[in-house]
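Peer 1: just the structure for this:
(2 chains)
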Amino acid sequence: MIEKKQQIFNKLGLHARAAAKLSHLANMFSADIYLIFNEDKVNAKSLLGILTLAASVGNEITLQAAGADEKEAIQAIGDLFDRKFDEEI
Amino acid sequence: MIKSVIITHGSLGRELVQVAEKILEQKLDVEIIAFDWQGDGSGMIRQLEAFIARQGGHKVVIFTDMFGGSPSNVSTRFIGPNVEVISGINLPGLLKFFCCGEPDGAFRQVVKKVEQEAKNGINIISEYLGEKK
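Peer 2: Got it, this is the predicted structure:
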């Protein structure tokens, strides 16, 4: 199991479209993947679960993955955050 | 592959699909049928029959807006091994189906997950936040 601290850079935070991209990406990996924020831990493969975090720009969350492709999963998801979810604003 | 159709009062289904497409940033493969307020429901039945017939044996999930309403009532007659109806569909349920609902997975499993996600999306927020504190 590996973890990574990740800051949220996009202005709208983990809103619906970002959560959709994140859950879609997470579902491409076999590893169990979680987001941890403010003592809440949600399944990164659940769009609705991600939304319940109500995490905003500037917040720091923890990415956690466990499974055969955990390293690739954390790398890909971290990249998505770093790219601000490919949002232009 | 599970095919889907949304059948609702008025343009509710179209609006839901359009919002889901915006969020998921993709065109969704879903048939949209609007209840004709002036009609007796026979038009909806014909459209549903034609849609299901076109799927050539693929599993079909019918999303309706409200249990007991006309769109839901006309849909129930199609329930069978290959067809299931989920009433009271909302945005979380639709997103679950199209985003991460494993549309190639076991039919029963997919419809149960969509039902659960739709239910999970309804909260009295003050109570939800209270429970989290």
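Peer 1: can you check the pLDDT for the residue lying closest to A:Ile2 once chain neighbours are set aside?
Peer 2: Leaving aside its sequence neighbours, A:Ile2 sits nearest to A:Glu70 (CB to CB, 6 or more residues apart in numbering or on different chains; 5.4 Å). The C-beta positions use only the backbone N, C-alpha and C, and glycine is treated the same way. pLDDT, A:Glu70: 97.
Peer 1: can you get me a residue count around A:Glu70?
Peer 2: Applying other CB atoms under 10 Å in any protein chain shown, we find 20 residues neighbouring A:Glu70.
Peer 1: over to A:Lys21?
Peer 2: Using other CB under 10 Å, A:Lys21 has 22 other residues around it.
Peer 1: repeat that for A:Ala68.
Peer 2: Residues within reach of A:Ala68, counting by other CB under 10 Å, total 10.
Peer 1: any residues of chain B in contact with chain A? List them.
Peer 2: Where chain B comes near chain A, counting by CB under 8 Å from any CB of the partner chain, the residues are B:22-25, B:92, B:95-96, B:99-100, B:117, B:120-121, B:132.
Peer 1: if we use 10 Å, what do you get?
Peer 2: Proximity of chain B to chain A (CB under 10 Å from any CB of the partner chain) is limited to residues B:19-20, B:22-26, B:91-93, B:95-96, B:98-102, B:113, B:116-118, B:120-121, B:123, B:128-129, B:132.
Peer 1: type out the ChimeraX command that picks the buried ones from those residues.
Peer 2: Buried residues among these (16 or more other CB atoms under 10 Å in any protein chain shown), as a ChimeraX selection:
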select /B:20,23,24,91,92,93,95,96,98,99,100,101,113,117,118,121
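Peer 1: show me what the longest strand along chain B is packed up against.
Peer 2: The longest strand of chain B (DSSP state E) is strand B:2-9. Contact partners of strand B:2-9 among helices and strands, from 3 or more CB pairs under 10 Å, 6 or more residues apart in numbering or on different chains; DSSP states H and E: helix B:12-24, strand B:31-35, helix B:42-54, strand B:59-64, helix B:70-76, strand B:83-86, helix B:107-120.
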